[in-house]
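A.B. asks: Structure for this input, please:
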Amino acid sequence: MSTQEKARALMMRHYQIIKNRQQSMLERTGEEIGLPGEVSHYWNPTQGKIDPTARMTYDRSNAAMS
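C.D. replies: Residues are numbered from 1 along each chain as shown. Okay, the predicted model is just below:
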């Protein structure tokens with residue numbers, strides 16, 4: 001696997017992690033306020049890109065566990 005392919009795979013994995021984290025948090029919030037299940041599974045990225053503010057919110061934190 002070339003360096004370019006590895007970088008692409010890493011970026012795609014990072015995208016999936018952010019997407020999954022965002023969907024989980026939206027689903028939990030939807031359940032808390034009583035929304036139907038299908039509403040809380042909503043995902044609508046613009047042309048496959050995650051909103052920059054959402055990326056900052058749902059991305060890994062810089063804190064480390066000891």
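A.B. asks: Which strands and helices lie in contact with the longest helix anywhere in the chain?
C.D. replies: In the chain, taking DSSP state H as the definition, the longest helix is helix 3-33. Applying 3 or more CB pairs under 8 Å, 6 or more residues apart in numbering; DSSP states H and E, one finds that helix 3-33 makes contact with helix 37-40, helix 52-58. Every C-beta, even on glycine, is put in place using the N, C-alpha and C of the backbone.
A.B. asks: Report the buried residues of it.
C.D. replies: Buried residues in helix 3-33, counted by 16 or more other CB atoms under 10 Å: 18, 22, 26-27, 30.
A.B. asks: would you turn these into TSV with distance to residue 5?
C.D. replies: Shown next, in TSV, are the buried residues of helix 3-33 (distance: CB to CB, whole Å):
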residue	distance to residue 5
18	21
22	26
26	31
27	32
30	37
